[in-house]
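**Q** let's see this in three dimensions:
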Amino acid sequence: MTEFTKHDENTAPEGSKALLAKSKAAFGRIPGLHATMAEAPGLLEAYQVAHQLFAATSFDKDEITVVWQTINVENGCGYCVPAHTGIAKAMGVDDAITEALRNEAPLPNARLEALRDCTLLIVRDRGHVDDAAVKAFLDASFTKRNILEVVLGYAQKIMSNYTNHLAKTPVDAAFEKFSWSKAS
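**A** Next up, the predicted model:
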């Protein structure tokens, strides 16, 4: 198995040192994902920027969680699902939403379900979403901006999910209690 280095501010390549300091300031620690991404400064920077941009979209906290966790679960990311479970709790997202996402069960309302459906179509069909599906999304009171914001969220999650798959990043201690594995 290929081992990926988990860097800190001392071992990271020069281009990642300030980025890791930023992570530590934001989270009080360096998340394992960030420590791994630090090997490639451009990846860590792109991830941090994409995270900030997606968090600042027109989606509310529940909708942000639906996009993140739908992608995490679909991609089977055993690091990101627990991490985003903890993040959702910190954001005040209802546990019923989080549990439905983690367990691929129905969400509490049709609007969030439409968001999950659209997100899954974007992921599974690599952006080739037919007009009927786009119309269904728009009919659920979402906008064209929202569908493009899902693409932004997916870009962020590709970076994290794929890095975690390659590096087999262990779940951070803070999120171990939210351990998850994809149902067979």
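**Q** what residues does stretch 58-71 touch?
**A** Residues from elsewhere that reach stretch 58-71 (Cβ atoms under 8 Å, 6 or more residues apart in numbering): 54-55, 57, 80-81, 84-85, 87-88, 91-94, 97-98, 101-102, 107, 112, 115-116, 119-120, 123, 143, 145-146, 149-150, 153-154, 157, 161. In short, each C-beta sits where N, CA and C put it, glycine included.
**Q** do you know how far Tyr154 is from Glu176?
**A** As judged by Cβ to Cβ, to the nearest Å, Tyr154 and Glu176 stand 26 Å apart.
**Q** now do the contacts for Glu39.
**A** Applying Cβ under 8 Å, 6+ apart, the residues near Glu39 are 4-5, 7, 13, 16.
**Q** in PyMOL, select just the buried ones from those.
**A** Here is the PyMOL command that selects the buried residues among those (16 or more other Cβ atoms under 10 Å):
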select buried, resi 7+16
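**Q** quick check, nearest of the contacts of Glu39 to Asn72?
**A** Phe4 (19.4 Å; Cβ to Cβ).
**Q** check what pLDDT the closest one gets.
**A** On pLDDT, Phe4 comes in at 96.
**Q** among the contacts of stretch 58-71, which lie within helices?
**A** Per DSSP state H, helices hold the following members of the contacts of stretch 58-71: 54-55, 80-81, 84-85, 87-88, 91, 97-98, 101-102, 112, 115-116, 119-120, 123, 145-146, 149-150, 153-154, 157, 161.
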